[in-house]
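In: model this:
(2 chains)
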Protein chains: 2
Amino acid sequence: MQRFDCIIVGAGFAGLSAAQHLTSQGYKVRVLEARDRVGGRTEMAHFAGRHIDAGGMWLGPTQIHLKTLAARLGAKTYPTPLEGQSQGQAGGYAFRAKGEAFEDAIGLISKVQLGLLLVKLNGYLKTLDPAAPWAGDQAAHLDAYSVASWSDRHIKNKRVRAILNLIVRSVFCAEPEELSFLFFLFYVKAAGGLEVLIEAKPGGAQSLLFHDTLAQMAQQLSAEMPGVVALNQAVKAIDQDDTGVQVLTQDANYHADQVIVAIPPGLVQQLSFSPPLPMARQELLKRQIMGACIKVWVAYERPFWRDAGWNGILFYEDSAFAPVFDATPPGSERGFLAGFFDARCAAQWSEKTQDARKQEVLKTLQRGFGDQALTPIEYFERDWTREAWSQGCYGAFMPPGALSLYGHSVRQAHGRIHWAGTETAIAWSGYVDGAISSGLRAATAVEMDLAGL
Amino acid sequence: MQRFDCIIVGAGFAGLSAAQHLTSQGYKVRVLEARDRVGGRTEMAHFAGRHIDAGGMWLGPTQIHLKTLAARLGAKTYPTPLEGQSQGQAGGYAFRAKGEAFEDAIGLISKVQLGLLLVKLNGYLKTLDPAAPWAGDQAAHLDAYSVASWSDRHIKNKRVRAILNLIVRSVFCAEPEELSFLFFLFYVKAAGGLEVLIEAKPGGAQSLLFHDTLAQMAQQLSAEMPGVVALNQAVKAIDQDDTGVQVLTQDANYHADQVIVAIPPGLVQQLSFSPPLPMARQELLKRQIMGACIKVWVAYERPFWRDAGWNGILFYEDSAFAPVFDATPPGSERGFLAGFFDARCAAQWSEKTQDARKQEVLKTLQRGFGDQALTPIEYFERDWTREAWSQGCYGAFMPPGALSLYGHSVRQAHGRIHWAGTETAIAWSGYVDGAISSGLRAATAVEMDLAGL
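Out: Residues are numbered from 1 along each chain as shown, chains lettered A, B, ... in the order given. As a prediction, the model looks like this:
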C-alpha cells in the first residue's frame, strides 16, 4: 500500500494548483478526480472548427493567479469585442449604449440614482473584510436581507432595481430574492468592486478571452505532473486518525498524511467523514447552493451583427437568454456569440428540449440583431445544472443568514483535511482565479503540517 | 423476483401511514427503512424508569390525523402541565406570567404592539393558501424577506421583535435571519394560526403529551403489518421506465408499480433517480434546510419547581437552552423537564461534550427554579443534527426565494414516484400530523395510478 504526503480530491484548477505546488516542493501527491477529465467547471469543446470553453472562459487583468498561470503556460488572450453598441432592457425601458456605458443609456434620473446606489454600496464595502465578512458590526443585519428585500427597501428607482437584478442573475446565477445581501457584498469586495466584477471593458472580469480556451490550461497542468492525476476515482469517504488519513473510492483505498478537498460544496456534503465534520461546517454546507446555468454558443458564417454597429452584447431583463457576448477571436471569419440561461430561467429551460432552447436563443438574437440571427451554422450548449460532478455553475451562493451564522467555518481545517475550491477563496471567490489561489493556500497549509510547523 | 404494488421509502409516520392505508386496501406493499427501527423523527427511549419521547412528542387537538390515530391505537394523553407561572427573558426584559400569558407580562406598550403584529400577520394569512403559498400576488415580495429583515423593517418594539425571534427559533429550529418570511407565513397558516402553533394551553400544538410516548404508535403501526417493513434497507437508487420501478438498496433490488418516497428532503437529495428529477424539484431540494435541535430530558426526585409556584416553562432569549417545559405525567412521583438547544445554539453546543451541555442545562434550570435544579437523578439528550437518517429536526425550512421560485414542485409526482413526508403536508407541515396526512395523500395518488384512474 502506497502512502502519499497529500491526497487531493478534485482536479479542477484548485486541486491542480495545489498539486502543482506540492509536487514542485518534492512532495508525493495523488489527485483523485471523479470525472474522466480534468478542469472541473471549465471544459474544452470542439465547435464550428475551433476550441471553445464550455465552462468558465474569461480573464480579468486583476486576476493575478490566473494571469500568471496563463503567462507561464503561454496561453494567449484577446480582448472581448466591445466596439459598437450594446442593447438591453431593464425596468420596462429598452436601451442602447456605446460599449458598456449602460449608465448613459437609462436616462438622467436613473443614472443619478445608479450613481447613488454605487456610493451606498461602496460605503458598505469600505469596512467589509473579505477574509471575515461575518465579523463586521453590521454582518448579521446585512445578512438578514436578500438583495431583493434590501433593494425593495432602499432603491426607489425601478430601472436601477432592474439593473441590480440583471447583475445578480448574471453574476451569481441566482435570483435576487434568494441571495444574501451580505454574501453579495462579500463577493463584490472579493472581486475588487462592482464595476470590476461586471464589466467586459479593459479592467473588468469579462475583458479577456483565450485563443485556445481557458480549459486547456487544466490539461497542461495535469500533463506537467505525469502519473499524479487519477481519473474516474470518485471519492466516497475520508477517515482520519492520529496516524494518517484514508481516502476511499469505489475501487481503492489511498493512505496519506494530509488531504485537500477541492470540490464544490454540494459534493463535499455527499462524502462520508470520520470523525464527522464540525457542526458549523455541516450547517454551512447545507446552505451553500450552486447557481443554475446553461451556457450556449452560436456560430455564424460571419459576425454579421457588427455590420449594423452592434457589439454583440445583449442584456434583456425580459428574455430567458441573457446576457450575450461576442466571443469571436480576432481574425476569425466566422462569428461567435456566447450567452447564458441563468438562475430560475436555467431551471425552467433545462426541462425543455434542446430544440426549444435553440429556438428561444435564436429568437433573442433575432430581437437584437435581426433575421440573419436565425441562420447560424452551429449551435452548442452545456447545462451545468445537470453535471453530476459540479451540480451547477458558476459557483455556490449563500441565502440570508448563512454567512454570518456559519461562514467562519469555510476555511477551517478539520484535522488533516484542508479546504480548497473557489468557494473558499478570499479574492475572486467564484472565479477560476479564486480556485487557483485557494489551492495554493491549502497547499501551504499542508506544507506547514507536513513540516510540523 | 417479487413485484410489489408499491414500495415505500421510509418508515416514519408518513411512510407507515401510507403503508397502512394501502395494505388495508389489499395492495402488496413493502416499506424500506434505513434505520434499525421505525418512527423516523420520533423515537422511544427508556429514562428514569419510564418511556420518553426522544423526538416529537406533543399532540394538539386540531391535529386530526394524529388524534384519530391515537384514538384508534388506544394511546392516552394528558395535558402539558401549565399551572403556575412561566418565566422568560426577551428584549432585555425578564418576565413572569401566569400559565402562558406572556403578553400580559411584557408591559402594556409591548402588549399593544404585539397585538398589532398579530393583526398584521393575520392580514397576510387571510389570503394565503397553504396548498399554494407560491401563487399569491405578494408571494415573491414576501419571500424576498427573511423573518429578521421583515421584522427589522416592520416591528419597532424591541421586546416584540425578541418574542418573534424566540418563536422562530423554537418552532423552526432556525434563526430569524435565515427563514423566509413567506415560508414562516405558510407554516403558521398550515397550523391554523400563530396562537395555535406556539401555545401549550388547551387548543395549542403543545397541549397534550402521551402517557406511553408518541413514538410507540409507530411500532404499533408496524406490528399491524407483519412482514411489510424491512429494516436496515437504505435505498440508494430509484429507476423507472414504462414497465415499472426498481428500487435498489445495498443488498437487494425491489420491483414495484409505484413508489412513495417518505424521507426528509436532505435524504431525497442523496438518492439517485433515473430519469432524473425535474429541475425545479432538484433546486427545491437544495433549498430545504433541516432545522438544528438537541432535545434534553432531566428527571428529578419530585417536580420541586411546583412548590415555588412555577409551571416549569422557561423561555430565555439569552440562554442556549430554550424553551423548557414540564413533561411530568399525572400521578408521577418524579418530576420531568424537557427542553431544547435550537438553531445556532444547537450547532454550537453540538460541538461540546455531553457534560458541558449538561452543565449548561442545569445552570439554566437553576436560574429558573433555584439550586434544587442542580441535583437531577438522570439526564438524557438526543442530538438530532447528528442523526444521519434525519439530518436535523423538527423539519426542513426554506430560506428566502425558495418557496416562491420552486415550491410548486413539492408534491408533483415524478412518473411513478409520489412524495410524502411532513415537508409535503398542507396542514400541520413540520409535525407528525402533517406526516400522517402526507402519507394518506400519497397513498391515494398511488391507488389512483394502480387503478388506472
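
In: And the closest residue to A:Gly434 other than its chain neighbours, how far from A:Ala262?
Out: Closest residue to A:Gly434 apart from its sequence neighbours, by Cβ to Cβ, 6 or more residues apart in numbering or on different chains: A:Ala425 at 3.0 Å. Any C-beta I mention is one placed from the backbone N, CA and C, and that applies to glycine too. Relative to A:Ala262, A:Ala425 is positioned 11 Å away (Cβ to Cβ, to the nearest Å).

In: out of these two, which sits in the more crowded spot?
Out: Per other Cβ atoms under 10 Å in any protein chain shown, whichever of A:Ala425 and A:Ala262 has more neighbours is A:Ala262, with 31 against 26.

In: re the thing from before, residues shared between the contacts of A:Ala425 and A:Ala262?
Out: A:Ala435, A:Ser438 (Cβ atoms under 8 Å, 6 or more residues apart in numbering or on different chains).

In: Return the set of buried residues in stretch A:197-208.
Out: A:Leu197, A:Ile198, A:Glu199, A:Ala200, A:Gly204, A:Ala205, A:Gln206, A:Ser207, A:Leu208 (16 or more other Cβ atoms under 10 Å in any protein chain shown).

In: sorry, that was for stretch A:405-413
Out: A:Leu405, A:Tyr406, A:Gly407, A:His408, A:Ser409, A:Val410, A:Arg411, A:Ala413.

In: Tell me which of these fall in helices.
Out: Judged by DSSP state H, these include A:Leu405, A:Tyr406 as members of helices.

In: Dump the buried residues of stretch A:405-413 to CSV, plus pLDDT and distance to chain B.
Out: Output for the buried residues of stretch A:405-413, formatted as CSV (pLDDT from 0 to 100; distance: Cβ to the nearest Cβ, whole Å):
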residue, pLDDT, distance to chain B
A:Leu405, 98, 5
A:Tyr406, 98, 7
A:Gly407, 98, 12
A:His408, 98, 11
A:Ser409, 98, 10
A:Val410, 98, 14
A:Arg411, 98, 17
A:Ala413, 98, 15
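
In: Just give me the closest of the buried residues of stretch A:405-413 to B:Ile64.
Out: Within these, the smallest distance to B:Ile64 is 36.3 Å, found for A:Leu405 (Cβ to Cβ).

In: can you tell me which residues contact the closest one?
Out: A:Leu405 neighbours (Cβ under 8 Å, 6+ apart): A:Trp134, A:Asp143, A:Glu283, B:Glu175, B:Glu177, B:Glu178, B:Arg344, B:Ala347.

In: Go again with 10 Å.
Out: A:134, A:139-140, A:143, A:280, A:283-284, A:287, A:398, B:174-175, B:177-178, B:343-344, B:347-348 (Cβ atoms under 10 Å, 6 or more residues apart in numbering or on different chains).

In: Write the ChimeraX selection for whichever of those are buried.
Out: Buried members of the contacts of A:Leu405, defined by 16+ other Cβ under 10 Å, are picked up in ChimeraX with:
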select /A:134,139,140,143,280,283,284,287,398 /B:174,175,177,178,343,344,347
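
In: how about the residues of the stretch 1-150 of chain A that lie near chain B?
Out: Along the stretch 1-150 of chain A, the residues adjacent to chain B under the rule Cβ under 10 Å from any Cβ of the partner chain are A:Ala139, A:Ala140, A:His141, A:Leu142, A:Asp143, A:Ala144, A:Tyr145, A:Ser146, A:Val147, A:Ala148, A:Ser149, A:Trp150.

In: now those as CSV including secondary structure and pLDDT?
Out: Shown next, in CSV, are these (DSSP: H, G, I helix; E, B strand; the rest coil; pLDDT from 0 to 100):
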residue, secondary structure, pLDDT
A:Ala139, helix, 97
A:Ala140, helix, 97
A:His141, helix, 97
A:Leu142, helix, 98
A:Asp143, helix, 98
A:Ala144, helix, 98
A:Tyr145, strand, 98
A:Ser146, strand, 98
A:Val147, helix, 98
A:Ala148, helix, 98
A:Ser149, helix, 98
A:Trp150, helix, 98
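
In: Name the nearest of those relative to B:Val112.
Out: Of these, the one sitting nearest to B:Val112 (Cβ to Cβ) turns out to be A:Ala144, at 25.2 Å.
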